[in-house]
Every structure is written in structure tokens, then in C-alpha cells.
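In: Quick one, structure for this:
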Amino acid sequence: MLRIPAFLLALALSAATALAAADDPAPGGAYKTDPSHSSFNWSFNHSGLSHYTARFTRVDARLDWKPERPETSALSVTIDPLSVRTDYPWPEKVDFDAEIGGDKTFLAAKPITFVSRAIQITGEKTGTVEGLLTFRGETHPATLDVTFNGSMAKHPMMGVPKIGFSARGSIKRSEWGLDFAIPELGDEVTFAIETQMVPADYAFQ
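Out: Residues are numbered from 1 along each chain as shown. Modelled structure (predicted):
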């Protein structure tokens, strides 16, 4: 009797799911972040020796998705600056996360928002999202390079439509008045976003 190893069976099921998703994409409509399958990491040059990296853990993105004409979609994002996580190794000595998120010389505990103004399609699954980024109470233009990873009308585990994106971008933090320790700490901040989105009315358990 032929026995198929479990991992090969799982691989076959995953491939079947992916093929089904390609034939049955998620419909248009209002979507929001699935926080259990999303991440927002940022980094900057530190003394020319490494790229210091941290993340935000409370990110709420809302998307008005228009799959037939993606360039007419609309995106808005809200980030809690106090959700910054640096994994500082001695929290009993310094609450570094609270300092970065709340101190007036850093993020000043003010909401971080991004609102799209224009979306341009650059490839079969790529595009740019131009918008206005606000933090520390200042607003300036910023651009995201976005990859559409795919969608499915019914996720096999959650039972609802899902959409997946990856995004990359960078800003000059000094343009928002955050010029602490430049050039020892790099002016350019790069960020990497991975997200899955669910219908806006979905209730997480």
C-alpha cells in the first residue's frame, strides 16, 4: 500500500487551495487588517554598522477594494505610536518602547496616519500608492511600493474572503521634524509591511 508522507499531502492541499483561490478571487468591498497575519517593521542606519530594526504592533488599515480597477481603490491606515516594539534587552532599566513612542523628541504619542491620494498600476501585480503621511502632528507626501499577492473568495480556515499585500517604502524622518542624532542615526527610515485583509465587518474571536 502506497503511503504519502504527511508533508506531501499538506503540500498538495496547499497547491489545490492556491489554484482554487486563483479561480475564485475575493470580491470588491470594504476590508480591514487581519492583525494575526500582518506586520509593520521599520529600520534605519545605526552608526554605519547595522540597520536598527523595530516594529509597530497596532496597525489598522482600511481598504475600499476595487479588483476590476485597482487604481480606483482607497486606503487609510492608523498606527498607534505607543505600540512600538524595539525588544530592548533591559526593560527593567529603561522603558525604551515608551520613550520612542511617547517622548516629545520622538513620536510624541501622536497618532500616525496614512491616507491614499493616488494609486498607479506598474505591473501585473505591482503598483504605487501615493498619499499623505502624518506623524508628530506634521503631514507630508509619502509613497508605498505595493505587491498584490493574491486573494480568495473563501479562506479555507477562516471561511471569509481574504486579500494579501506586501509593501515597501522609505521616508526622510527629518522632513517630519524628527531630526534627533542625524547623521549618527540615519535620516532615511525604510519600512516593510506584510498584510492579509478580511471584510470590514468580520468579527475576530
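
In: Chain neighbours aside, what residue packs nearest to residue 193?
Out: Nearest non-adjacent residue to residue 193, counting by C-beta to C-beta, 6 or more residues apart in numbering: residue 167, 4.1 Å away. Glycine gets a C-beta too; all of them are placed from N, C-alpha and C.

In: ugh, wrong one, residue 131
Out: residue 116 is the one closest to residue 131 (C-beta to C-beta, 6+ apart), at 4.2 Å.

In: Repeat that for residue 141.
Out: residue 132 (6.3 Å).

In: circling back to that earlier point, tell me the helix or strand right after the helix or strand hosting the residue nearest to residue 193.
Out: Using DSSP states H and E, residue 167 maps to strand 162-172. Following strand 162-172 in sequence order, the next helix or strand is strand 185-199 (DSSP H and E).

In: and that following strand, which residues are buried?
Out: For strand 185-199, a neighbour-count test (16 or more other C-beta atoms under 10 Å) marks 185-187, 189-191, 193, 195-199 as buried.

In: quick one: contacts of that strand?
Out: Outside strand 185-199, the residues within contact range by C-beta atoms under 8 Å, 6 or more residues apart in numbering are 29-34, 37-47, 51-52, 61, 63, 65, 144, 158, 160-174, 179.

In: What segments of this protein are strands?
Out: Applying DSSP state E to the chain gives strands spanning 29-33, 39-46, 50-56, 59-65, 74-79, 84-85, 112-121, 126-135, 138-152, 162-172, 185-199.
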